[in-house]
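Participant: Below are the sequence and a predicted model; questions follow.
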Amino acid sequence: MVEIQKVIGTAFVVAEFRNDENKEAHPLYRDRFVHLFLNQESKRAADRISQSFPPIRNNVRLRTRYFDDRLRLQIDRGCRQILILGAGLDTRPQRIMAEGVAYFEIDAPETQAFKKAKLEASDVDPNTNYIGADYVTDGMIGLLRRNGFDFKLPTHVIWEGNTMYLDEAAVRQILTDLMRHIESCSVSFDYFAENVIKNTTGDPEITSVVGRFAAMGAPWTYGIENLAAQAAQCGASVLDRCTVADLHRTYWPDQPLQSPLYGYYSLCTVGNAATLSSSP
């Protein structure tokens, strides 16, 4: 079995944060599979990260709800294929199943082997097609073509927690390839505002957070200033957009915002022309 040390550490940290919601009396979502991947080592790793910036735990919980909602909406609208880029320990193929809907995941082979082994050891059907590769450097479209992906089927892509670790060229290429090659395609992803990356928000807390993540070896390298313009350059239109601050006010209206960073961290869904024509 693949050991935890061989799996990208951030995948376990995000999974631990996602698991927090299972302890709530009125949760934003339930994830009854994520515990299969966790242990004391992953808990200690997550605690170390959150001690540096406690609001990150709620950040992950809120964004999980957003991506879950958009996935269900696209399935209800007729989407029959789901692609998860940089999937980590995502459990949506197990949590959000629908008849006639196929899942594909691209991520490091070690991460996928670990996840598959843990699921099958508990008699859980992975319900997904694993593609062990780097979707940025290994040629995403070729990877999909060689693994049974149907470019003619209406497809929804989940691209969670990735863009801030890439660069503009990579983000633009991925979005362009998805919009160009898949006949009907929507993509949900998250991103920071460009001034967060450039340290020009004028907020000392945000500047400090950016510095702490860089010091931990996970620097944020890319942000978006104008989403509509960026999407248009890739052949897409914006279907919706909100900030984590918006989600916080929606789901936890009685709780104060934990960090000004929530207002600079956005979640969005974009789509190509065929997706727009099929939306109500």
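Facilitator: Looks like it came in fine.
Participant: How about residue 66: what's its closest non-neighbour residue?
Facilitator: The spatial neighbour of residue 66 that comes closest, neighbours along the chain excluded (C-beta to C-beta, 6 or more residues apart in numbering), is residue 267 at 4.6 Å. All C-beta spots, glycine's among them, are computed from the backbone N, C-alpha and C.
Participant: give me the element the one you found is part of.
Facilitator: strand 265-271 (DSSP states H and E).
Participant: backbone phi and psi for the most centrally placed residue in the chain, please?
Facilitator: For the chain, residue 160 is the residue whose C-alpha lies nearest the centre (C-alpha atoms, centre = their mean; 1.2 Å). Dihedral angles of residue 160 (phi, psi; degrees, to the nearest 10) stand at phi -100, psi 130.
Participant: Quick one: residues contacting it.
Facilitator: Residue 160 makes contact with 63, 67, 84, 86, 90, 188, 189, 190, according to C-beta atoms under 8 Å, 6 or more residues apart in numbering.
Participant: Kindly reformat the residues you listed as a markdown table containing secondary structure, pLDDT and neighbour count.
Facilitator: Supplementary listing: the contacts of residue 160 in a markdown table, determined by DSSP: H, G, I helix; E, B strand; the rest coil; pLDDT from 0 to 100; neighbours: other C-beta atoms under 10 Å:
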| residue | secondary structure | pLDDT | neighbour count |
| --- | --- | --- | --- |
| 63 | helix | 98 | 22 |
| 67 | helix | 99 | 23 |
| 84 | strand | 99 | 23 |
| 86 | coil | 96 | 24 |
| 90 | coil | 98 | 27 |
| 188 | strand | 99 | 25 |
| 189 | strand | 99 | 22 |
| 190 | strand | 98 | 19 |
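Participant: and which of the residues you listed is nearest residue 146?
Facilitator: Minimum distance to residue 146 across the contacts of residue 160 is 17.4 Å, recorded for residue 84 (C-beta to C-beta).
Participant: Against residue 216, how distant is the closest one?
Facilitator: Plainly put, residue 84 is 25 Å away from residue 216 if you go by C-beta to C-beta, to the nearest Å.
Participant: of all the contacts of residue 160, which comes closest to residue 244?
Facilitator: Top of the list for closeness to residue 244, among the contacts of residue 160 and by C-beta to C-beta, is residue 63 at 6.6 Å.
Participant: Show me where the stretch 151-280 of the chain has its helices.
Facilitator: 168-181, 194-197, 204-215, 227-233, 244-251, 273-278 (DSSP state H, counting those that start in this stretch).
Participant: ok now the longest one, how far from the chain's centre?
Facilitator: Offset of helix 168-181 from its chain centre (C-alpha atoms, centre = their mean, to the nearest Å): 16 Å.
Participant: Under the pLDDT cut-off, which ranges of the chain? List them.
Facilitator: 1-8, 277-280 (pLDDT under 70).
Participant: What about residue 41, how many residues nearby?
Facilitator: Using other C-beta atoms under 10 Å, residue 41 has 12 neighbouring residues.
Participant: which other residues reach the helix or strand encompassing it?
Facilitator: Per DSSP H and E: residue 41 is located in helix 40-52. Under the criterion C-beta under 8 Å, 6+ apart, residues 4, 9, 12, 13, 15, 16, 17, 56, 57, 212, 216 lie in contact with helix 40-52.
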